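Asks: what shape does this take:
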Amino acid sequence: MVPLVPAFGGVPGGPELVIILIIAVILFGVPLVLVAGAVIYLTTRSDGAAAEGGAAGSENSETDAERIAELEAEVERLREQVDDEAEEVEEEERS
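Replies: You can find the predicted model right below:
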């Protein structure tokens, strides 16, 4: 004959509490770990210029300023080119 032994210990509602705990870990633990991982990844991925400061930060700002000046000059040149082409089209339409 098979002895009658309870499948779970003497905690009333024990299996239900385990299931609730597992669901709580899945609902709250996994997203929390993902958000924390994303924050850590993004903070370590930064170029570090702001953290280093000093010479590296000033060099980056100087190269950025030079790059901005180059781009502004290129934009102005392209605007003039577009304006010239528009004037040529208007002159052709008039003649």
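Asks: so where does the residue nearest the centre of the chain fall, helix or strand?
Replies: Centroid-nearest residue in the chain: residue 42, 6.7 Å away (criterion: Cα atoms, centre = their mean). For residue 42, the host element (DSSP states H and E) is helix 30-45.
Asks: so what's the predicted local confidence for the residue nearest to the centre of the chain?
Replies: For residue 42, the pLDDT comes out at 90.
Asks: likewise for residue 19?
Replies: Value listed for residue 19 in the pLDDT field: 90.
Asks: gap between it and residue 75?
Replies: From residue 19 across to residue 75, the span is 63 Å (Cβ to Cβ, to the nearest Å). C-beta here means a position set from N, CA and C on the backbone, and glycine is covered the same way.
Asks: cool, and residue 69?
Replies: Distance from residue 69 to residue 75, by Cβ to Cβ: 11 Å.
Asks: for residue 83, same thing?
Replies: From residue 83 to residue 75 the distance is 13 Å (Cβ to Cβ).
Asks: repeat for residue 15
Replies: Applying Cβ to Cβ to residue 15 and residue 75 gives a distance of 69 Å.
Asks: likewise residue 40?
Replies: In terms of Cβ to Cβ, residue 40 sits 38 Å off from residue 75.
Asks: what do you get for residue 42?
Replies: From residue 42 to residue 75 the distance is 31 Å (Cβ to Cβ).
Asks: return the residues in contact with residue 30.
Replies: Neighbouring residues of residue 30 by Cβ atoms under 8 Å, 6 or more residues apart in numbering: there are none.
Asks: quick one, grab the pLDDT at it.
Replies: 90.
Asks: okay, how far is it across stretch 40-59, tip to tip?
Replies: In stretch 40-59, first residue to last residue: 27 Å (Cα to Cα, to the nearest Å).
Asks: then stretch 2-14?
Replies: Per Cα to Cα, stretch 2-14 runs 24 Å from first to last residue.
Asks: what about residue 64, which helix or strand?
Replies: Going by DSSP H and E, residue 64 is in helix 54-94.
Asks: any idea how far stretch 25-35 is from the chain center?
Replies: Its chain's average C-alpha position is 19 Å from that of stretch 25-35, according to Cα atoms, centre = their mean, to the nearest Å.
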